[in-house]
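# Curious how this folds, go ahead:
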Amino acid sequence: MLGVLIAWHLLATPTSGLLYAGGVLLMLLSLLDDLNDLPAKWRLFGHLFVAIGFVAWGLVPMPIYWAVLFVICLIWMTNLYNFMDGANGLAGGMAVFGFFFYALAAGFEGEINFALMNLVIVGSSLAFLVFNFGKAKVFMGDAGAIPLGFLAAAIGLLGWQRDLWPLWFPVMIFSSFIMDATVTLLKRLFRGERVWEAHREHYYQRLIQMGWTHQKTALAEYALMMISGLAGLIALRLSPAYAVSLILVCLSVKIFLMYLVDVKWQQRA
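Residues are numbered from 1 along each chain as shown. Reported below is the predicted structural model:
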C-alpha cells in the first residue's frame, strides 16, 4: 500500500487524490486492527466514514437511493476482499488481475492516467506476490486487504462515472471474490450463524480443507479471474444482447463450479 500511495503522489492527478485519502485512512485503521484487534464496531464505523466521504465528494451528485446503494457496495467490497485473504497468493493475485483489466479498459478509452493508477496497484501486488505465493514470507493483513477492497469498488465506480465501462464491468472483473464471499455470507445468515465471526466456510477454504494446496487453489482462482476479465473486456465491445449472454454464461459456469464444491464437501462430511 505504501508503494501504491507513493506512486499516486508522484502522479498527482485529481482522481488519485480522492482515492489517496480513503486508502490512507483505511490502511492506518486496518494497521491498528492488525496490531491491537480493534472491535468490529469501530472498524465498521471507519469503513462507513470512508465510504460516505467518497460517495459524497468523490462522485457527482446523485439521488439518495443510489448514494446509499453505493455506500453499501463500497463497505461490502472493502470487507469481502479481506474475507478472501485467507490463502497464500489469493488476494494479491486478485489485485493483479482485477486492476490490470481496469487498466486495459481505461487504456482502450484513452484514459492513460487512469490506466496508470491501476497499473501502479498491479505492480505493487506483483512485488508482494513474490513473497506471498507458495510458501509465504509476507502476509497482507487487514492493512493491505481492506484498502484493496475499497479501491476495487471505488475505482470501479469512478470508471463507470467517467463512461469507461458500465456498472456490471467491475462486478464481472471481481466476480470470483464477490460470488464466493456473498454466497457464503448468505448461507451463514440463513443458518443463523454469527456472520461477523471468523470461519472457514468460503469455497477456497473448503478446497484447501479437501486437500488442495494453497498454490493449486490460487492458480485455479487465477484462471477464473483471467476468464472473467477477458469476458468482461469482450462484452464491452458486444451488443447488449450478446454481452448479457456472455456474462450469464460466465456466471453460470462459476455457479456450477460452486455447486461441485458443495457436492464434494457434503460427500467428505
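
# what does the host helix or strand of residue 45 rub up against?
According to DSSP states H and E, residue 45 maps onto helix 40-58. When contacts are defined by Cβ atoms under 8 Å, 6 or more residues apart in numbering, helix 40-58 is touched by residues 18-19, 21-22, 25-26, 29-30, 33, 67, 70-71, 74-75, 78-79, 146, 150, 154, 158, 196. Placement of C-beta: from N, CA and C, glycine included.

# Mind giving me the PyMOL select for these, buried ones only?
Selection of the buried residues among the contacts of helix 40-58 in PyMOL, burial being defined by 16 or more other Cβ atoms under 10 Å:
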select buried, resi 18+19+22+25+26+29+30+33+70+71+74+75+78+79+146+150+154+158
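
# got a pLDDT number for residue 180?
At residue 180, the model reports a pLDDT of 92.

# Just the ones of the contacts of helix 40-58 in helices?
18-19, 21-22, 25-26, 29-30, 33, 67, 70-71, 74-75, 78-79, 146, 150, 154, 158 (DSSP state H).

# what about residue 86, is that helix, strand or coil?
Secondary structure state of residue 86, per DSSP: H, G, I helix; E, B strand; the rest coil, is coil.

# What sits closest to it if chain neighbours are left out?
Nearest in space to residue 86, with sequence neighbours left out and distances taken as Cβ to Cβ, 6 or more residues apart in numbering, is residue 205 at 5.9 Å.

# these two touch, right, that neighbour and residue 87?
Yes: applying Cβ atoms under 8 Å as the test, residue 205 and residue 87 come out as touching, 7.3 Å apart.

# Looking at the two, which one has more neighbours?
Ranked by neighbour count (other Cβ atoms under 10 Å), residue 205 and residue 87 place residue 87 first, with 22 against 18.

# where does the more buried one fall, phi/psi-wise?
Dihedral pair for residue 87: phi -140, psi 140, per degrees, to the nearest 10.

# Distance check, it against residue 151.
Using Cβ to Cβ, to the nearest Å, residue 87 is found at 21 Å from residue 151.

# now residue 113: how far from residue 139?
Distance, residue 113 to residue 139, by Cβ to Cβ: 31 Å.

# and residue 135, which of the three is it?
Residue 135 ends up coil, using three-state DSSP.

# Now do the nearest residue to it once chain neighbours are set aside, the pLDDT please.
Closest residue in space to residue 135, ignoring its immediate chain neighbours: residue 88 at 7.5 Å, by Cβ to Cβ, 6+ apart. Looking at residue 88, its pLDDT stands at 90.

# contacting residues for residue 88?
132-136, 214-215, 218.

# now residue 138
Counting by Cβ under 8 Å, 6+ apart, residue 138 makes contact with 128, 131-132.

# What separation do you get for residue 205 and residue 111?
Using Cβ to Cβ, residue 205 is found at 37 Å from residue 111.

# same thing with residue 130?
Applying Cβ to Cβ to residue 130 and residue 111 gives a distance of 29 Å.

# between the two, who's got more neighbours?
Neighbour totals were compared for residue 130 and residue 111, and residue 111 leads with 19 against 11 (other Cβ under 10 Å).

# can you pull the buried residues of the worst-scoring helix or strand of the chain on mean pLDDT?
Confidence across the helices and strands of the chain bottoms out at helix 2-11, with a mean of 84, counting by mean pLDDT, DSSP states H and E. Going by neighbour count (16+ other Cβ under 10 Å), the buried part of helix 2-11 is 4-5, 7-8.

# do stretch 124-134 as well
124-125, 128-129, 132-133.

# got these as CSV, with secondary structure and pLDDT columns?
Converted to CSV, these look like this (DSSP: H, G, I helix; E, B strand; the rest coil; pLDDT from 0 to 100):
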residue, secondary structure, pLDDT
124, helix, 94
125, helix, 95
128, helix, 94
129, helix, 94
132, helix, 92
133, coil, 89
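
# Put together a markdown table for these, with distance to residue 189 on each row.
Formatted as a markdown table, these follow (distance: Cβ to Cβ, whole Å):
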| residue | distance to residue 189 |
| --- | --- |
| 124 | 34 |
| 125 | 31 |
| 128 | 32 |
| 129 | 33 |
| 132 | 31 |
| 133 | 33 |
